[in-house]
Structures are given as structure tokens and as C-alpha cells.
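> got a predicted model here, sequence first, then my questions.
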Amino acid sequence: MQYAISYRRLSDKDQSNSLDTQQREIQSYCQRNDLILKHTFTDNGTSAFTFDRPEWIKLEKYLKDNKEVSFLVIYHIDRFSRATLLDALLKLREIEERLKVKVLSVTDSIKQDSNELSTQLNRIMQLMFSNNEYNRIKQRVTDGIYQSLSNGRYCTKAPIGYLNAKLSKDEIRTNKNAPLIIIDKTKAPLIKEVFSLYNSGVNIQDIKKLLPKLNLKGNSAIQRILSNHLYAGIIKVPAYKNNPAFEVDGIHKPIITKLEYYQAYNKINQKKASIQPTDEVWLRGILHCTCGRKLTAGNSKGKLGKMYWYYKCNTHKEVNLPATKLHKEFLQILDALSFDENEMKSIESILEQKIKEHQSNRGGNIMQLNLEKQKIEQKIKNVNEKFLLTEGIDKSVFESTITELKLQQSQIDVSLIKAKTDTDTLVVLMKNLLPKLNKISSVFYEFPLHRKQQLIKSLLPSPIWYNNIYATPKVNKLFEHKALILNEKRLLKIEQPPFDFDGFPLSTPIGSITQLELLEDLYMAFSA
Ligand SMILES: [Zn+2]
């Protein structure tokens, strides 16, 4: 819960927005945004041309004394001040930067970032015009923006990775198919890299360090990039004048695929529960407790100042597994999974066989995937219609259903690309991959953290837990014949988990997963 205070002012000249109206709007705004309104300050009939108002002075003192308050909500910026533009802007900045309190009017989004140009321009507009004038102008602008968005034409400030197209007003009006944002050739590849790193498990702090050229300010910048659907060519048109919200494909060029976007979207939303791994404990976020909870890690200093790491369960305090031991045993699993010369030869011939099968099943697979694609598109349509026609469906339930379906849709797209892959490419993949299977632990050892985790997920694609020995329900199909040896060597048990488990969200794409897809996934996991 976050705390807010509010400020109301009734000017002596303009009595159009009564104190009651202001109060009602402010209260409903706080309710909508989960803000607890702690106090309301009211100046009745005083001029707005100076900040020397009795209640205003009390308000500033209150903010200084009550650091838990992080929002100041007002009806409209003109309630805040009609002083000179400069004075008002300076006062706003003082409150936001010195007192760390965000100033919001009841039409602002709570997520609005005061450092953004659009917010600043908006405020200047609000301060320059009175409420009524402002609303009229805004209406005109909003109608235009709505029209443009509905046609898939993004028309406001280009986000990083794009540039605003330099078109004259005439060109904008006459050529409705000309996108208003174009790819920024220097920044766009970096944006793509942000998504690819994040989806492969690199944490946000590291992404920032890895991509200094993006020159981002603030910690939320990467998060903002990751949640921007525009990069995938998606335009979200908000609900407006009785029209419900909807999505369209933009006419601008996407930087990333929809799959990349939805993967990141899902990851961000699961983020709260996820656990960040580090180099010292690379099984964190992968290894489960027997209760099903993902293990976290902790450390303690030994006699010579050396750091000792342990895997722990937040529920079961008695679980305290030394990382050195677990890592050593895990590398033994990797060695046992590695192929010897003979196995390499036989796996090579199996794969060659599979590649032939791929070639002959290609047509059928593509057809089946196309069918699945149609089915899912129909489902999306149905869910959308149902949401529009039935009252009382929870919006968040609707959104998560749609996102899930769209994720499936983009996975089918990826499977389609894979199904269409030609034989030569697969042979090259295979020749590159096989030598690496000879001593997996040494390949693994050289990998940076996120690649280590990726490789583990590819080899052991379901939850792994530790109960005196490692256990998991299944290994990657290419290594299935090794499962027995692993079991005999008491390195890895293949068994059903003792906890409920509904699958890694992205490990098994629905539909026909072929050995070749496994080969490709594996290849991705191995190649640097
Ligand atoms: Zn536990």
C-alpha cells in the first residue's frame, strides 16, 4: 500500500470546480490506484498566483515530516498553481525531487514518469491553459490519436530503438500508410539484444552493464523496454468513447518477434516469484526443494575468510545443502551424460535417419502446424468476442487468457519455421553439435551463468530436486538411453516429483515436437 495526500483549492474567480467535485474525483482516483489518502489540504478562495497560501505551507511541512507519503494528488494542475509557468514548474520539481513525492492530477496515469518529455509537455500545456480550455484541446488531440492508433499508426514520440519519421504535415495526411516511426539502425539491434539476453535468463542489472551503448538512465528503463509491445509491431488501442480496448498490428517495422515479446512478458509477470542466480550458486532458480519450492541460497564465512555457499528452502529451515558438493555431483551427471566415440557414431546415424524422416514428413508437419495455427487463431477470436459480449468477465482473467493463447500462437510460428528448415542446415547443426557432446562438463564449465542455466534446462527439461541425490522426471530425449546408467551410478533418479508441477511454461511447445527440434534446441544451448 502506498500513501497519498491531496490538495484542493477553490479560486475566488473561477468557481466551476467545487471543492466537493475535486474531493470526489481525488478519492475515486486514489481508490482506483490503491492509494491510501492520509490527509487533504484545502485553500478556500485564495489566489493561485503565489505559493504563499496558508494550507499550502502546511502541506509542504507535512510532506517533510511524513516520509511515508509518496504521492500528492490534485484535481488539475491549475489547482496547484496559476503562478508563472517557470515558478510552477520549479515548485513541481522541488516537490518531486527534493521531497521525493510524485505529483499527479486525477487524469494522469499513476505510472507516469515525470522525467519523460511527454509528461513535461503535458504539464506545460495544463499550466498554460485553464482546465476547460485544456480539455477542449485535449479532446481534439485525443480523437486524432485514437484514429491513428486504430489504423495501426503509432503517432507519438518514438521510443528508443525507433526514430520519428521526418514527414511534412501534408505527407502525414495524404499518405496514411507511411509509418511515423522508423527503425533507428544504431539502437534497434541493441533493443533486440535486450530481449534476447533477458529471455535467455540474464538479469536486468547485467543487461544494463552489457549494453552501455543504450545509455539508459534509471533502473526501470530496461523494464520499460521489455514491456513495450511496440517493438513486436503490436499497437494497443485503449478503450475510448464506448469502444473497448483492442490490439492491431502496427504499420511500422517490428524490431523483435511476437514470441520474444510474449516470452519476456511472461517472465516479467512471473518475476516476483523468481529467484536470481549468481555465479557462485548457478543452480539457484533451477533446483527445487522436495516441497516444490525453488531453492534459494545463502552463505557463511569459513575460518580463513573463505565464503561457503548453501542452497536453502525458505519453508524448510532444515534444508541446507552445501553448494560445492551439489555442484561437484552435478558435473558428474554432465560427464555421465557425455557420449563416447561409439555413442557419437550411433547418435550421428540416428540423427541422420531423423533428418531423412524430417525431409519426408516435412509437408505433413507443416500442414498439421498450419491447422493448429488456425485453431488457435479461432480460439483467440472466440475469447475476444466472449469478452465483449458477456458482462462481468474479470479483465485480468481475460488478459491472461489472451496472453497465454498468443504465446501459444507465436510458439506455433516458431515450430513452423523449424518444420520448414531444410536438410542442409540440419546437417551443419549436427556436425557442429556432436563434438561438444563428448565432454559436456568442460563445455559447461566455460559457459557464463545464463548459458549454464540454459544448457541445464535443455538437458533436463523438467524440475530437478535434490533428496540425497538429484532427481527429475525426464531427461532430454537424445540422452534417454543414459538414464539407466545415471540411476545405477546413483547420480540422478528418474521419477515423478513429490510435488505438484505444471511444467515449465516454455519447455515443450505444443504440437508436434520432433527429435530435430530437440537437436536444434540443444544446439542453441551449446553454441556460444
Ligand atoms: Zn521446502
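Happy to help now that I have it.
> pLDDT score for the residue in the stretch 351-500 of the chain positioned nearest to the ion?
Of all residues in the stretch 351-500 of the chain, the one sitting closest to the ion is residue 499 (8.9 Å; C-beta to the ion). The C-beta positions use only the backbone N, C-alpha and C, and glycine is treated the same way. Looking at residue 499, its pLDDT stands at 81.
> that one against residue 290, yeah?
Yes. Residue 499 lies in contact with residue 290 (C-beta atoms under 8 Å); the separation is 7.1 Å.
> and for these two, which residues touch both?
Common contacts of residue 499 and residue 290, defined by C-beta atoms under 8 Å, 6 or more residues apart in numbering, comprise residue 465.
> domains of this structure?
2-141, 181-268, 287-338+439-497, 341-433 (automatic domain parsing).
> I'd like the ones you listed as CSV, with mean neighbour count appended.
Below are those laid out as CSV (neighbours: other C-beta atoms under 10 Å):
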stretch, mean neighbour count
domain 2-141, 16
domain 181-268, 17
domain 287-338+439-497, 16
domain 341-433, 14
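> distance to the ion added to the ones you listed, as a markdown table?
Shown next, in a markdown table, are the domains of the chain (distance: least, C-beta to the ion, whole Å):
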| stretch | distance to the ion |
| --- | --- |
| domain 2-141 | 32 |
| domain 181-268 | 23 |
| domain 287-338+439-497 | 3 |
| domain 341-433 | 27 |
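> on that earlier part again, how about the residue of the stretch 351-500 of the chain closest to the ion, what does it touch?
Here residue 499 is in contact with 288, 290-292, 465 (C-beta under 8 Å, 6+ apart).
> mind listing what residue 69 touches?
3-5, 38, 62-63, 101.
> ok, now with 10 Å
2-5, 35-39, 62-63, 99-101 (C-beta atoms under 10 Å, 6 or more residues apart in numbering).
> so can I have CSV of those showing pLDDT and secondary structure?
Listed next are these as CSV, based on pLDDT from 0 to 100; DSSP: H, G, I helix; E, B strand; the rest coil:
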residue, pLDDT, secondary structure
2, 90, strand
3, 94, strand
4, 95, strand
5, 95, strand
35, 93, strand
36, 93, strand
37, 93, strand
38, 93, strand
39, 93, strand
62, 94, helix
63, 92, helix
99, 86, coil
100, 88, coil
101, 92, coil
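> next, format those as TSV and append distance to residue 389.
Below are these laid out as TSV (distance: C-beta to C-beta, whole Å):
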residue	distance to residue 389
2	36
3	40
4	37
5	42
35	33
36	37
37	37
38	42
39	44
62	49
63	47
99	48
100	46
101	43
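> the strands in the stretch 251-400 of the chain, which residues?
287-288, 296-301, 307-312, 320-322 (DSSP state E, counting those that start in this stretch).
> any chance of those strands in TSV, plus mean pLDDT?
Shown next, in TSV, are the strands of the stretch 251-400 of the chain (pLDDT from 0 to 100):
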stretch	mean pLDDT
strand 287-288	93
strand 296-301	85
strand 307-312	89
strand 320-322	93
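> please identify which of these is closest to residue 344.
Closest approach to residue 344 among these (C-beta to C-beta): strand 287-288, 29.5 Å.
> name the residues that touch that closest one?
For strand 287-288, the external contacting residues (C-beta under 10 Å, 6+ apart) are 275, 277, 281, 294-297, 311, 313, 321, 326, 330, 456, 463-466, 470-472, 497-499, 501.
> chain center to that strand: distance?
23 Å (C-alpha atoms, centre = their mean, to the nearest Å).
> same question for stretch 176-187.
Stretch 176-187 has its C-alpha centroid displaced from the chain centroid by 23 Å (C-alpha atoms, centre = their mean).
> and for stretch 246-261?
Offset of stretch 246-261 from its chain centre (C-alpha atoms, centre = their mean): 15 Å.
> begin at 52, not 1, for the rest of this chat.
With the count now opening at 52, the last piece we talked about shows up as stretch 297-312.
> using PDB, write down the CA coordinates of it.
Written as PDB, here are the backbone C-alpha positions of stretch 297-312 (Å, rounded to 0.1, in the frame of the first residue of the first chain):
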ATOM      1  CA  PHE A 297      -8.200  -3.700 -28.700                       C
ATOM      2  CA  GLU A 298      -4.900  -4.500 -30.400                       C
ATOM      3  CA  VAL A 299      -3.800  -4.100 -34.000                       C
ATOM      4  CA  ASP A 300      -0.700  -4.900 -36.000                       C
ATOM      5  CA  GLY A 301       1.200  -1.700 -36.500                       C
ATOM      6  CA  ILE A 302       2.300  -0.400 -39.900                       C
ATOM      7  CA  HIS A 303       5.800   0.200 -38.500                       C
ATOM      8  CA  LYS A 304       8.500  -2.400 -38.800                       C
ATOM      9  CA  PRO A 305       8.900  -4.600 -35.700                       C
ATOM     10  CA  ILE A 306      12.300  -5.000 -34.000                       C
ATOM     11  CA  ILE A 307      11.600  -8.300 -32.300                       C
ATOM     12  CA  THR A 308       9.200 -11.200 -32.900                       C
ATOM     13  CA  LYS A 309       6.000 -11.600 -31.100                       C
ATOM     14  CA  LEU A 310       7.300 -14.700 -29.500                       C
ATOM     15  CA  GLU A 311      10.200 -12.800 -28.000                       C
ATOM     16  CA  TYR A 312       7.800 -10.200 -26.700                       C
END
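> alright, calling it a day.
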